[in-house]
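**Student:** Provide a 3D model corresponding to the input given below.
(one chain, ligands or ions: 1)
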Amino acid sequence: MIKTTSKNDKINCPVCGNPVDLYDVCVVCNWENTGETNIDGGPNKMTLKEAIHAYIHGLPVD
Ligand SMILES: [Zn+2]
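**Tutor:** The predicted structure is shown next:
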C-alpha cells in the first residue's frame, strides 16, 4: 500500500469537536483552528478556554 497524505486533513475542533480543516474556521462554533496546538491568541480573539465556555453556554465564539 502506498501511504498518501491528504492536503485536507481534518482535525476535531477543540471547542465543539466538529471535524474541521486545519487552519479553517469551524462552521459549528466559529473557532478558527490554528493547527495541532490550537494555542490561545492568534486569529481568535477569545482564548480556547473562553471559547469552550461560550460554546457550552450558547454564546458566540469570536
Ligand atoms: Zn467548533
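**Student:** The ion contacts on the chain?
**Tutor:** Taking Cβ under 5 Å from the ion, the part of the chain that reaches the ion is made up of 13, 15-16, 18, 26, 28-29, 31. Placement of C-beta: from N, CA and C, glycine included.
**Student:** pretty sure Asn30 is touching Asp62, no?
**Tutor:** Yes: counting by Cβ atoms under 8 Å, Asp62 is a contact partner of Asn30 at 7.1 Å.
**Student:** More neighbours: the two, which one.
**Tutor:** For the pair Asn30 and Asp62, the greater number of neighbours falls to Asn30 (18 against 12), based on other Cβ atoms under 10 Å.
**Student:** what sits against the residue lying closest to that one once chain neighbours are set aside?
**Tutor:** Using Cβ to Cβ, 6 or more residues apart in numbering and skipping the chain neighbours, the partner closest in space to Asn30 is Val61 (4.4 Å). Each residue near Val61 by Cβ atoms under 8 Å, 6 or more residues apart in numbering is listed here: 15, 29-31, 44, 46, 51, 54-55.
**Student:** Nice, that's everything, thank you.
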